[in-house]
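**Student:** starting from these lines, generate the structure:
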Amino acid sequence: IILCMFLSNWKLALVCIIFLPILLYATSVFQKYMQRAFIDVRKYISQINVFVHERLMGMNLVQVFARENLELKSFQRINTKHKDAHIRTVLYFSIFLPIVDVFSAIAMGVLVWFGAVQAISNDSVSIGQIIAFILYINMLFRPLRSMADKFNVLQMGIVASSRVFKILDNSIDIDIEDSDSRNYSSISGGLHFKNVCFAYNRSEDVLKNISFNLPPNQSLAIIGPTGSGKTTIINLLMKWYNFNKGDIYIGDNSIKSISAMTLRKNIGVVLQNDFFLSDTLMNNIKFFNNVTDNQVFEAVNQIGLTDFINKFPDKYNYHIGERGSKLSSGEKQLISFLRVFLLNPKYIILDEATSSMDPITENLLQKAIKNITKRRTAIVIAHRLSTIQHSDKIIVLNKGEIVESGSHDELIKLNGLYNSYYKQQFIIN
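**Tutor:** Numbers count the residues shown, from 1 in each chain. Reported below is the predicted structural model:
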């Protein structure tokens with residue numbers, strides 16, 4: 001369009017485009033202000049979503065501490081900030097859109113005035129050229145007018161995409177797969193930690209020179225105070241984190257050479273807090289495992305949980321609610337235990353598997369543990385010594401270091417940290 005204008009009459013063309021730089025400058029200024037406002041809008045929307053989600057999930061805690069009114073005021077403060085940010089975007093847009101129309105009208109008025117002066121004074125401009133340039137101006141400013149209409153949507157998309165790309169471009173420090181790691185059909189052998197060190201941040205080591213050997217088909221128990229690094233050992237073994245120094249072996253192979261997929265297919269983990277579907281007991285027990293109903297019935301019978309299942313109104317078809325809301329903490333852990341048993345792994349890890357159980361439920365699980373750990377290599381993390389005192393080997397962690405190691409009887413004779421735990425849990429009680 002601009003080329004046609006200059007070919008037709010360069011003087012009129014200059015008159016038409018003289019306002020474009022001013023309009024482009026105004027666009028850049030409004031773009032900066034609107035982008036800041038939209039960044040605030042997206043930020044406060046995120047805060048509102050997080051706030052509502054957390055308060056709904058922790059509704060019982062809010063009610064226990066009678067914080068309903070205080071939390072409502074907190075929500076209103078965040079929502080007010082979101083409203084103010086959104087009003088700013090509307091304000092900037094309501095100013096920017098008329099500016100485009102004003103400059104278009106001014107350009108057209110100046111064109112008609114200048115063209116009329118030129119036509120009267122020296123006949124260098126014809127009436128036909130003036131009419132043509134009026135159409136040119138409409139064609140020139142129509143895309144700008146259309147862009148101004150979509151300016152809000154465009155800026156919102158830019159801000160939203162920048163938040164997405166910020167996550168995508170984030171550097172990943174955890175490379176769980178070594179360049180030489182392979183998928184094995186199966187893995188076997190004992191577990192061996194050799195001088196393993198790890199830190200979540202560089203300033204403080206969580207594990208310091210951890211070394212132990214667990215022969216095949218034996219059980220190892222790990223105990224220690226909260227924060228001593230028990231669960232971190234499991235995180236490293238499962239390749240959820242990379243250790244900083246040392247190495248971990250399964251059989252003769254370093255886990256660096258074993259793919260994460262192979263590890264997780266052969267290691268069954270019962271976590272302290274597991275995830276549950278809003279579905280039936282049967283589907284939660286299967287949990288994407290390719291097993292039949294008959295296999296589930298057989299597994300339940302083998303580990304002695306038939307009575308546990310039969311107590312529910314619809315047995316296996318009982319709907320447990322969102323995230324297992326209709327189950328107690330102990331019942332959830334028994335379901336988690338069944339999942340792992342159906343997986344039939346070569347290695348078993350129990351991370352505080354009895355932490356939320358009453359004595360009767362714990363007794364059920366004690367029997368199940370004996371069945372599932374037969375002919376398997378097992379690691380058990382627990383605070384209750386009744387769960388681990390029959391393990392083949394027990395290690396005691398304190399501040400990220402192994403301070404004691406041996407069988408239950410050997411550790412009692414040492415009269416150290418394990419012995420003090422034993423006295424606190426058994427003799428005093």
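**Student:** how close does A26 sit to L14?
**Tutor:** As defined by Cβ to Cβ, to the nearest Å, A26 lies at a distance of 20 Å from L14. In this view, the C-beta of every residue, glycine as well, is placed from N, C-alpha and C.
**Student:** checking the nearest residue to S228 once chain neighbours are set aside next. Helix, strand or coil?
**Tutor:** Closest residue to S228 apart from its sequence neighbours, by Cβ to Cβ, 6 or more residues apart in numbering: L397 at 4.1 Å. Here L397 is recorded as strand under DSSP: H, G, I helix; E, B strand; the rest coil.
**Student:** partner residues bridging L397?
**Tutor:** In this structure, L397 bridges to I402 when assessed by DSSP bridges.
**Student:** number of nearby residues for it?
**Tutor:** 23 (other Cβ atoms under 10 Å).
**Student:** name all residues that make contact with it.
**Tutor:** When contacts are counted by Cβ atoms under 8 Å, 6 or more residues apart in numbering, L397 touches 222-224, 228-230, 403.
**Student:** returning to what we had before: quick one: which of A26 and L14 has more around it?
**Tutor:** A26 (15 against 12).
**Student:** flag the shaky bits of the stretch 151-300 of the chain, pLDDT-wise.
**Tutor:** Judged by pLDDT under 70, the stretch 151-300 of the chain has its weakly predicted residues at 151-152, 170-185, 288.
**Student:** got the phi and psi for I131?
**Tutor:** Main-chain torsions, I131, degrees, to the nearest 10: phi -60, psi -40.
**Student:** next one: N213
**Tutor:** For N213, the backbone dihedrals are phi -130, psi 130 (criterion: degrees, to the nearest 10).
**Student:** buried set for stretch 39-51?
**Tutor:** Within stretch 39-51, the residues that count as buried by 16 or more other Cβ atoms under 10 Å are 39-42, 44, 47, 51.
**Student:** over to stretch 87-100?
**Tutor:** Within stretch 87-100, judged by 16+ other Cβ under 10 Å, the buried ones are 88-89, 92-93, 96-97, 100.
**Student:** C197 - that's part of a strand, no?
**Tutor:** Yes - counting by three-state DSSP, one finds C197 located in a strand.
**Student:** just checking, it touches K208?
**Tutor:** Yes - between C197 and K208 there is a contact at 5.9 Å, judged by Cβ atoms under 8 Å.
**Student:** tell me which residue is most central in this structure.
**Tutor:** In the chain, the centroid-proximal residue (Cα atoms, centre = their mean) is I167; its distance is 11.4 Å.
**Student:** which residues touch it?
**Tutor:** Going by Cβ under 8 Å, 6+ apart, I167 touches no other residue.
**Student:** gap between the helix or strand containing it and the chain center?
**Tutor:** Assigned by DSSP states H and E, I167 belongs to helix 151-168. Centroid displacement of helix 151-168 relative to its chain, using Cα atoms, centre = their mean, to the nearest Å, is 20 Å.
**Student:** which parts of the helix or strand harbouring N301 are buried?
**Tutor:** Using DSSP H and E, N301 falls within helix 293-302. Under the neighbour-count criterion of 16+ other Cβ under 10 Å, helix 293-302 has 296, 299-300 buried.
**Student:** give me the helices and strands touching that helix, please.
**Tutor:** Packing partners of helix 293-302 (3 or more Cβ pairs under 8 Å, 6 or more residues apart in numbering; DSSP states H and E): helix 281-286, helix 306-310, helix 329-343.
**Student:** who's in contact with that helix?
**Tutor:** Around helix 293-302, the neighbours that count as contacts under Cβ under 8 Å, 6+ apart are 282, 285-286, 306, 308-309, 316, 338, 341-342, 371.
**Student:** now the angle from the one helix or strand D101 maps to to helix 151-168?
**Tutor:** Assessed by DSSP H and E, D101 sits inside helix 68-121. Orientation of helix 68-121 against helix 151-168 (axes from the mean of the first three to the mean of the last three Cα atoms, to 10 degrees) gives an angle of 130 degrees.
**Student:** and K245, backbone torsions?
**Tutor:** Phi and psi for K245, reported as degrees, to the nearest 10, are phi -140, psi 160.
**Student:** right, and it touches K194 too?
**Tutor:** No - here K245 lies out of contact with K194, judged by Cβ under 8 Å, at a distance of 9.8 Å.
**Student:** and the contacts of L397, which of them are buried?
**Tutor:** If we count by 16+ other Cβ under 10 Å, the contacts of L397 have these buried: 222-224, 228-230.
**Student:** am I right that W240 is in a helix?
**Tutor:** No - counting by three-state DSSP, W240 is not found in a helix; it is coil.
**Student:** between the buried ones among the contacts of L397, which is nearest K393?
**Tutor:** When the buried ones among the contacts of L397 are compared for distance to K393 (Cβ to Cβ), I222 wins out at 9.7 Å.
**Student:** and the helix or strand where the closest one lies, what does it pack onto?
**Tutor:** Assigned by DSSP H and E, I222 falls within strand 219-223. Helices and strands touching strand 219-223, by 3+ Cβ pairs under 8 Å, 6+ apart, are helix 230-237, strand 377-381, helix 385-388, strand 393-398.
**Student:** just checking: what are the partner strands of it?
**Tutor:** strand 377-381 (parallel), strand 393-398 (parallel).
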